[in-house]
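Enquirer: what would the 3D arrangement of this be:
(one chain, ligands or ions: 1)
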Amino acid sequence: MSYHSEPHDFTDKRTGYEQLAAQLRGLLEGETDPIANAANTAALIFNALPEVSWAGFYFLREGELIVGPFQGKPACVRIALGHGVCGTAAAKRETLLVPDVSAFPGHIACDAASQSEVVVPLIAAGQLVGVLDLDSTRLARFDEVDARGLEQLATLFVQASRIV
Ligand code: SME
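Expert: Okay, here's the model as predicted:
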């Protein structure tokens with residue numbers, strides 16, 4: 001198989017996410033190591049999706065979120081549950097779409113250029129194990145189609161990986 005990550009045509013976002021999901025299935029097939037799988041998932045998403053400035057993982061370790069494999073600029077390492085967009089999505093176990101991060105109370109600005117964000121909680125065997133986080137320098141970059149598409153990608157990552 002090819003490990004090359006093609007930029008996708010996201011003019012039709014649903015089709016774009018379907019293609020990306022098929023590509024991720026292939027990329028994760030036969031591999032259960034969570035770091036390897038998180039690294040390849042982050043790289044695939046970052047290279048395939050337009051207008052994304054950061055894409056990656058935070059994993060729950062001893063009650064706080066710690067940055068995992070990602071693509072983009074260096075990021076904040078530790079985020080307490082309930083803090084920032086990531087910690088709030090994790091605490092609520094809900095996907096959070098934030099069209100304007102400056103309007104989100106407690107947003108943690110790892111990159112001052114970031115303007116919008118989406119965070120998907122990762123649930124494995126009923127337990128919160130971390131989050132998938134994407135940032136953009138464009139306001140309102142992410143919508144419900146992105147949220148559902150990214151939830152599917154996050155599920156594929158969790159199912160393939162031996163996390164808990
Ligand atoms: N903005 C996030 C912090 C993580 S970075 O965006 C990579 C937050 O508010 O939780």
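
Enquirer: only C-alpha atoms from now on, for both contacts and neighbour counts.
Expert: OK.

Enquirer: and the nearest residue to residue 84 once chain neighbours are set aside, how far is that from residue 137?
Expert: Of all residues not flanking residue 84 in the chain, residue 107 sits nearest, at 4.3 Å (CA to CA, 6 or more residues apart in numbering). To residue 137, residue 107 is 15 Å away according to CA to CA, to the nearest Å.

Enquirer: about what we covered before: quick check on the residue nearest to residue 84: phi, psi?
Expert: Backbone torsions for residue 107, taken as degrees, to the nearest 10, come to phi -50, psi 140.

Enquirer: what does the pLDDT read for it?
Expert: For residue 107, the model assigns a pLDDT of 92.

Enquirer: do residue 110 as well
Expert: Looking at residue 110, its pLDDT is 89.

Enquirer: secondary structure class for it?
Expert: coil (DSSP: H, G, I helix; E, B strand; the rest coil).

Enquirer: distance of residue 71 from the ligand?
Expert: To the ligand, residue 71 is 9 Å away according to CA to the nearest ligand atom, to the nearest Å.

Enquirer: which helix or which strand is home to the residue most central in space within the chain?
Expert: Nearest to the mean C-alpha position of the chain, by CA atoms, centre = their mean, lies residue 132 at 2.7 Å. Assigned by DSSP states H and E, residue 132 belongs to strand 127-136.

Enquirer: paired strands for that strand, with orientation please.
Expert: strand 54-61 (antiparallel), strand 116-124 (antiparallel) (DSSP bridges).

Enquirer: how about the helix or strand following it as CSV, C-alpha atoms only?
Expert: For strand 127-136, the succeeding helix or strand toward the C-terminus, using DSSP H and E, is helix 144-160. Provided in CSV are the C-alpha atoms of helix 144-160 (Å, rounded to 0.1, in the frame of the first residue of the first chain):
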residue,chain,number,x,y,z
GLU,A,144,-21.1,19.9,11.8
VAL,A,145,-19.9,17.9,8.7
ASP,A,146,-16.3,18.3,10.0
ALA,A,147,-17.4,17.3,13.5
ARG,A,148,-19.2,14.1,12.3
GLY,A,149,-16.3,13.3,9.9
LEU,A,150,-13.7,13.7,12.5
GLU,A,151,-15.7,11.7,15.0
GLN,A,152,-15.6,8.8,12.5
LEU,A,153,-11.9,9.2,12.1
ALA,A,154,-11.4,9.3,15.9
THR,A,155,-13.5,6.1,16.2
LEU,A,156,-11.4,4.3,13.6
PHE,A,157,-8.2,5.3,15.6
VAL,A,158,-9.6,4.1,18.9
GLN,A,159,-10.9,0.8,17.5
ALA,A,160,-7.6,0.0,15.8
